[in-house]
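In: Provide a 3D model corresponding to the input given below.
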Amino acid sequence: MSQPEIDEAFAELRREDAKKAPPFARMWRPREKRVSIFWVAAPAVSFAAAAAALVIWVAVDARRADAPAPVAAVPAPSVRVAMEPDPLAFLLEQPSIASMPDLDRDPRHP
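Out: As a prediction, the model looks like this:
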């Protein structure tokens, strides 16, 4: 193909593309936005649920305040047995724990 034939073929393609393209004014205008019912209902339902939970919580708390105070329980007797050598103290003297470095000591001051 010669150069004039190629230029003519490209010109024909440009004309066909121009016929298919929408007018510029229609493309420039922003679309009309429709608000979905979900975007309105979801926050409203969430707010209503939170308000209902708050009302129920306050009502239950008020009902507890009106209830008579519970009778003071008698303290349970202490069942701790005093053992002078602690039966589990040997666990602190195990080599695995004793060989750990003392992290509370400053290594610069031996």
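In: what residues are up against Trp39?
Out: Listed by CB atoms under 8 Å, 6 or more residues apart in numbering, Trp39 has no contact partners. From N, CA and C alone the C-beta is placed, and that goes for glycine too.
In: tell me the pLDDT at it?
Out: According to the prediction, Trp39 has pLDDT 86.
In: Name the single longest helix found in the protein.
Out: In the chain, taking DSSP state H as the definition, the longest helix is helix 37-66.
In: roughly how far out does that helix sit from the chain middle?
Out: 21 Å (CA atoms, centre = their mean, to the nearest Å).
In: Check stretch 91-101 too.
Out: Distance, centroid of stretch 91-101 to centroid of chain: 42 Å (CA atoms, centre = their mean).
In: how about that stretch as PDB, C-alpha atoms only?
Out: This file holds the C-alpha atoms of stretch 91-101, laid out as PDB (Å, rounded to 0.1, in the frame of the first residue of the first chain):
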ATOM      1  CA  LEU A  91      11.100 -25.400  92.500                       C
ATOM      2  CA  LEU A  92      12.800 -22.000  92.700                       C
ATOM      3  CA  GLU A  93      16.100 -23.700  93.300                       C
ATOM      4  CA  GLN A  94      16.100 -25.800  90.200                       C
ATOM      5  CA  PRO A  95      19.200 -25.500  88.000                       C
ATOM      6  CA  SER A  96      17.200 -24.400  85.000                       C
ATOM      7  CA  ILE A  97      16.000 -21.300  86.800                       C
ATOM      8  CA  ALA A  98      19.100 -20.800  88.800                       C
ATOM      9  CA  SER A  99      21.200 -20.700  85.600                       C
ATOM     10  CA  MET A 100      19.200 -17.800  84.100                       C
ATOM     11  CA  PRO A 101      20.900 -14.500  84.000                       C
END
